[in-house]
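**Q** Here is my input; please provide its structure:
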Amino acid sequence: MNRADLNKRPAQVAAMFDEVAAHYDRTNAVLSMGNATLWRVATTRAVGPKRGERILDIAAGTGTSSAALTRTGAQVVAADFSEGMIEVGRQRHADNPNIEFVQADATALPFADGEFDAVTISFGLRNVVEPQKALAEFYRVTKPGGRVVICEFSTPPLTPVRVGYFAYLNHVMPAIVRLASSNAEAYDYLGESIAAWPDQATLSGWLRGAGYEGVAYRNLTLGIVALHRGVKSPDAQPAAASTDATS
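**A** Predicted coordinates for the structure are as follows:
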């Protein structure tokens with residue numbers, strides 16, 4: 001069994017997701033108690049895909065989020081570091097001409113400057129070893145006037161919710177994944193990575209540091225998840241995007 005740790009070595013993380021790819025969506029639905037669908041709907045609405053737009057969906061996994069983004073006619077590039085996830089996604093969405101699957105590293109995206117009208121990532125940024133470097137890459141490939149939307153696990157602001165949530169991660173979730181997942185050990189990492197992830201204000205600061213403007217977030221499910229948004233200035237020049245992220 002492959003299990004990543006909080007050092008987030010890229011090869012280790014990719015191998016872990018390769019192994020759970022076949023049953024990944026089913027396990028997520030169980031662990032989120034059905035909320036995964038609601039979070040995906042909220043993210044899709046925040047992205048606001050339009051016909052003719054080109055959208056980059058990073059850490060797209062098997063392409064479930066990407067498929068939702070294509071329903072209005074947008075063209076979506078579904079990028080993921082895991083070859084196993086990409087392969088499952090290609091098979092599942094072979095009949096959708098609006099999705100292109102690409103294996104890619106979020107910190108070194110193989111795309112041109114200003115290529116996408118929108119860039120989005122759901123539940124993947126915390127798995128990147130250098131998340132601020134990834135945000136700089138997101139900014140680079142976003143068109144001037146384009147937008148970024150990040151959906152990620154976060155820190156519930158209410159103490160009772162926060163205590164209950166982390167009790168669920170530490171005690172309830174491990175029991176569930178042993179029944180629902182082909183690699184229960186991989187989901188031990190899930191709980192650890194959520195607990196170690198910074199809060200909403202910190203991620204907002206990272207987005208501003210990458211260059212995005214109008215940065216804001218809203219909590220979903222009492223702050224268990226937060227939806228962050230930002231825009232790239234219409235006046236932004238290619239040189240404004242740096243490969244060196246700042247905090």
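**Q** Pull the residues that contact the longest strand seen in the chain.
**A** Longest strand of the chain, by residue count under DSSP state E: strand 142-153. Strand 142-153 is contacted by residues 39, 42-43, 46-48, 114-126, 138-139, 194, 197, 203, 207, 212, 220, 224-236 when judged by Cβ atoms under 8 Å, 6 or more residues apart in numbering. In this view, the C-beta of every residue, glycine as well, is placed from N, C-alpha and C.
**Q** just stretch 197-216 next, same as before
**A** Residues from elsewhere that reach stretch 197-216, judged by Cβ under 8 Å, 6+ apart: 125-126, 131-132, 135-136, 138-139, 148, 150, 152-155, 217, 219, 223, 226, 228-233, 236, 240-242, 245-247.
**Q** Could you pick out which of those are located in helices?
**A** Of the contacts of stretch 197-216, the ones assigned to helices by DSSP state H are 131, 132, 135, 136, 138, 139.
**Q** Let's have these in a markdown table, adding pLDDT and neighbour count.
**A** Shown next, in a markdown table, are the ones in helices among the contacts of stretch 197-216 (pLDDT from 0 to 100; neighbours: other Cβ atoms under 10 Å):
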| residue | pLDDT | neighbour count |
| --- | --- | --- |
| 131 | 95 | 23 |
| 132 | 97 | 20 |
| 135 | 98 | 29 |
| 136 | 98 | 21 |
| 138 | 98 | 28 |
| 139 | 98 | 25 |
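**Q** For the chain, which segments count as helices?
**A** Going by DSSP H, the chain shows helices at 10-20, 24-31, 35-47, 64-69, 83-92, 131-141, 159-167, 173-180, 184-196, 200-210.
**Q** What residues of the fifth one count as buried?
**A** Looking back up the chat, that one is helix 83-92. 84, 85, 86, 87, 88, 89 (16 or more other Cβ atoms under 10 Å).
**Q** The third one is in contact with residue 99, isn't it?
**A** So that's residue 86. No - using Cβ atoms under 8 Å, residue 86 is not in contact with residue 99, being 11.1 Å away.
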